[in-house]
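J.: Task: produce atomic coordinates for the following.
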Amino acid sequence: MNKIMNQLGLKGITNCYGMTETAPVSFQTSHSDCIVKKTTTVGKILDGIEAKIVDDCGHTVKVG
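T.: Predicted coordinates for the structure are as follows:
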């Protein structure tokens, strides 16, 4: 993402993540997020989407 932003001059680019099964995008960074968040995360969950995060053993991780 850093290379794309620098070489193409795209300052408003965001990162998003999704799966075909979840209707293309489930998580996305925002234009106001810092560069570190844009390049190291998939962003926040979008409205109307439910998700859970599990650890290596399959246990649901607590919020936060």
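J.: Please tell me how far the residue nearest the centre of the chain sits from residue 9.
T.: Per CA atoms, centre = their mean, the C-alpha nearest to the average position across the chain is that of residue 42, at 1.7 Å. The spacing between residue 42 and residue 9, counted by CB to CB, to the nearest Å, is 24 Å. Glycine gets a C-beta too; all of them are placed from N, C-alpha and C.
J.: Please enumerate the strands of the chain.
T.: For the chain, the strands defined by DSSP state E cover 16-17, 27-28, 44-45.
J.: most tightly surrounded among those?
T.: strand 27-28 (a mean of 16; mean count of other CB atoms under 10 Å).
J.: Need the pLDDT of the residue of the chain most remote from its centre.
T.: Most distant residue from the mean C-alpha position of the chain: residue 57, 23.0 Å away (CA atoms, centre = their mean). Per-residue pLDDT puts residue 57 at 97.
J.: what phi and what psi does the backbone show at it?
T.: Note on residue 57: its backbone torsions stand at phi -100, psi 0 [degrees, to the nearest 10].
J.: With adjacent residues omitted, what lies nearest to residue 31?
T.: In space, and not counting its chain neighbours, residue 31 is closest to residue 12: 5.3 Å by CB to CB, 6 or more residues apart in numbering.
J.: Relative to residue 5, how far out is the one you found?
T.: The value you get for residue 12 to residue 5, if CB to CB is used, is 9 Å.
J.: Looking at these two, which is more packed in?
T.: When neighbours are counted by other CB atoms under 10 Å, residue 12 and residue 5 differ, and residue 5 comes out ahead with 15 against 6.
J.: Near the closest residue to the more buried one other than its chain neighbours, how many other residues are there?
T.: Leaving aside its sequence neighbours, residue 5 sits nearest to residue 13 (CB to CB, 6+ apart; 5.9 Å). Residue neighbour count, defined by other CB under 10 Å, stands at 12 for residue 13.
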